[in-house]
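**Q** how does the following fold in three dimensions:
(one chain, ligands or ions: 1)
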Amino acid sequence: MTATHSTRMLILGSGPAGLSAAIYAARAGMAPIVLQGIQPGGQLTITTDVENYPGFADVIQGPWLMEQMQRQAEHVGARMMWDTIVEVDFSKRPFRLVGDSGTVYEGDTVVIATGAQARWLGLPSELKLQGKGVSACATCDGFFYRGKKVAVIGGGNTAVEEAIYMTNHSPDVTLIHRRDSLRAEKILQDRLFAHPRIKVLWNKEVAEFVGGGDPEGLVALSLRDTVTGEVSSLDVDGGFVAIGHSPATDLFRGHIALDSDGYIAVEPGSTRTSVAGVFACGDVMDKVYRQAVTAAGTGCMAALDAERFLAHADFEAKATVAA
Ligand SMILES: Cc1cc2nc3c(=O)[nH]c(=O)nc-3n(C[C@H](O)[C@H](O)[C@H](O)COP(=O)(O)OP(=O)(O)OC[C@H]3O[C@@H](n4cnc5c(N)ncnc54)[C@H](O)[C@@H]3O)c2cc1C
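**A** Modelled structure (predicted):
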């Protein structure tokens, strides 16, 4: 027989957004259920040093931070379930969701915190050197490359912003793009081209991230010219892949409003989505900041928004009965 779990607040995702929502919801007496998905703890579990999450004077490890958040959520009463949602029905309350285990979850409210994955080039050497010189987040890892030579790969707004950001740390930034013009907004391009510490390599793609040293780290990029096919090498200490993110929203398409980039659309200044009672927080609704602390902040907002929604709905229901 199929199991069914019911809760006042169903939280999809166990990254900083989902777990922060869980902490606030549990402390508000909502007895939330957190569906952990295929990556319990979220993206920070695949990184090592985290230096920008407030509250820790020393460098902490991403997996450790997420373990602490989960324990804190459980300590205040959130229930973790290892399941991934594959089907949603937001047409009526309680909302009905189905996990890939076949288990049915019913929630008076739903908080979506399924995150957004960075897009990678897909090279084996890129995977091997992730966290050892290869990164997809300059804001997160740029500080580790103070005084070092770095390359940013991509041609859109993110790549240009990351290249400009990296000049705060690096005296020598190269933007590598596989075409002969950028897709980024003109104003960003103007700032990029005017910057004395940034140079651009046109019509080049990364053929390989080259490792070296002991312990092994990135030492160079092997580049292929997209016009001539010629192969060259560029010595770098850091390589930032900035070719965009994919929000984990396929599941919600047709059930809830998404923006033109596929992120969940929320009312400005809130976590309210197009469906009353469904809220979104973290990277799945934020294509600008994409940080653990902002995800945690919007997770808190989602729990508060959901709690207020329920308080209002309960009051209305009682008033209807009394009438
Ligand atoms: C390598 C790396 C290093 C980083 N370093 C830093 C750093 O130093 N500092 C910093 O502030 N930020 C850093 N970030 C960014 C930070 O990790 C993200 O901004 C943050 O994790 C976003 O949190 P989130 O909760 O929105 O989503 P995520 O952390 O992406 O979590 C998403 C969650 O949703 C779950 N999920 C997805 N689909 C489903 C589904 N269908 N059903 C149920 N659950 C589902 C997943 O299993 C996961 O638990 C880094 C990111 C990466 C990739």
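**Q** scan the chain for its longest helix.
**A** For the chain, the longest helix by residue count, based on DSSP state H, is helix 292-322.
**Q** check whether that helix contacts the ligand.
**A** Yes: interface with the ligand: helix 292-322 contributes 292, 293, 295 (Cβ under 6 Å from any ligand atom). Glycine gets a C-beta too; all of them are placed from N, C-alpha and C.
**Q** how about the CA coordinates for stretch 211-228, as PDB?
**A** C-alpha atoms of stretch 211-228 as PDB (Å, rounded to 0.1, in the frame of the first residue of the first chain):
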ATOM      1  CA  GLY A 211      46.700  19.700 -13.500                       C
ATOM      2  CA  GLY A 212      50.100  19.600 -11.900                       C
ATOM      3  CA  GLY A 213      52.000  19.900  -8.600                       C
ATOM      4  CA  ASP A 214      51.600  17.900  -5.400                       C
ATOM      5  CA  PRO A 215      48.900  18.100  -4.200                       C
ATOM      6  CA  GLU A 216      47.500  18.400  -7.700                       C
ATOM      7  CA  GLY A 217      46.000  21.700  -8.800                       C
ATOM      8  CA  LEU A 218      45.100  23.500 -12.000                       C
ATOM      9  CA  VAL A 219      48.300  24.900 -13.700                       C
ATOM     10  CA  ALA A 220      47.200  25.600 -17.200                       C
ATOM     11  CA  LEU A 221      44.400  25.500 -19.800                       C
ATOM     12  CA  SER A 222      44.800  23.800 -23.100                       C
ATOM     13  CA  LEU A 223      42.800  25.900 -25.500                       C
ATOM     14  CA  ARG A 224      41.600  25.100 -29.000                       C
ATOM     15  CA  ASP A 225      40.900  27.900 -31.500                       C
ATOM     16  CA  THR A 226      37.300  27.400 -32.700                       C
ATOM     17  CA  VAL A 227      38.200  28.900 -36.200                       C
ATOM     18  CA  THR A 228      41.600  27.400 -37.000                       C
END
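**Q** how many neighbouring residues does the closest residue to residue 185 other than its chain neighbours have?
**A** Spatial nearest neighbour of residue 185, excluding adjacent residues (Cβ to Cβ, 6 or more residues apart in numbering): residue 157 at 6.0 Å. Around residue 157 there are 17 other residues, counting by other Cβ atoms under 10 Å.
**Q** got a quick PyMOL command for the buried subset of the residues of helix 292-322 next to the ligand?
**A** Only the buried entries of those go into this PyMOL selection, using 16 or more other Cβ atoms under 10 Å:
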select buried, resi 292+295
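**Q** quick one on the thing from earlier: show me what counts as buried in the longest helix of the chain.
**A** Going by 16+ other Cβ under 10 Å, helix 292-322 has these buried residues: 292, 294-307, 309-310.
**Q** can you check stretch 136-144 too?
**A** 136, 137, 138, 140, 141, 142, 144.
**Q** dump the residue contacts of the closest residue in space to the last one that isn't next to it in sequence.
**A** Pointing back at residue 144 there. Once flanking residues are discounted, residue 144 sits nearest to residue 49: 7.1 Å by Cβ to Cβ, 6+ apart. Residues in contact with residue 49, defined by Cβ atoms under 8 Å, 6 or more residues apart in numbering, are 59, 60, 61, 62, 144.
**Q** equivalent analysis for residue 40, please.
**A** Counting by Cβ under 8 Å, 6+ apart, the residues that residue 40 touches are 14, 70, 80, 82.
**Q** among those residues, which two are most distant?
**A** Greatest spatial distance among the contacts of residue 40 (Cβ to Cβ): 70 and 82, at 11.6 Å.
**Q** more crowded one of the two?
**A** residue 70 (21 against 13).
**Q** confirm that that one sits in a strand.
**A** No: according to DSSP: H, G, I helix; E, B strand; the rest coil, residue 70 belongs to no strand; its state is helix.
**Q** leaving out sequence neighbours, find the closest residue to it.
**A** residue 19 (6.0 Å).
**Q** returning to that earlier point: now, which of the buried residues of stretch 136-144 lie close to the ligand?
**A** 136, 137, 140.
**Q** tell me how far the last one lies from residue 56.
**A** To tie it back to what came earlier, the one meant is residue 140. Counting by Cβ to Cβ, to the nearest Å, the separation of residue 140 from residue 56 is 15 Å.
**Q** of the contacts of residue 40, which belong to helices?
**A** Those of those lying in helices (DSSP H): residue 70.
**Q** contacts only, for whichever residue of the stretch 51-200 of the chain sits closest to the ligand.
**A** Nearest residue of the stretch 51-200 of the chain to the ligand: residue 115, at 2.3 Å (Cβ to the nearest ligand atom). Listed by Cβ under 8 Å, 6+ apart, the contact partners of residue 115 are 13, 15, 17, 39, 42, 43, 247, 248, 282, 283, 284, 295.
**Q** what's near enough to touch the closest residue to the fifth one other than its chain neighbours?
**A** Put plainly, it is residue 42. Using Cβ to Cβ, 6+ apart and skipping residues adjacent in sequence, the residue nearest residue 42 is residue 15, 2.3 Å away. Neighbour list for residue 15: 39, 41, 42, 43, 44, 66, 113, 115, 282, 283, 292, 295 [criterion: Cβ under 8 Å, 6+ apart].
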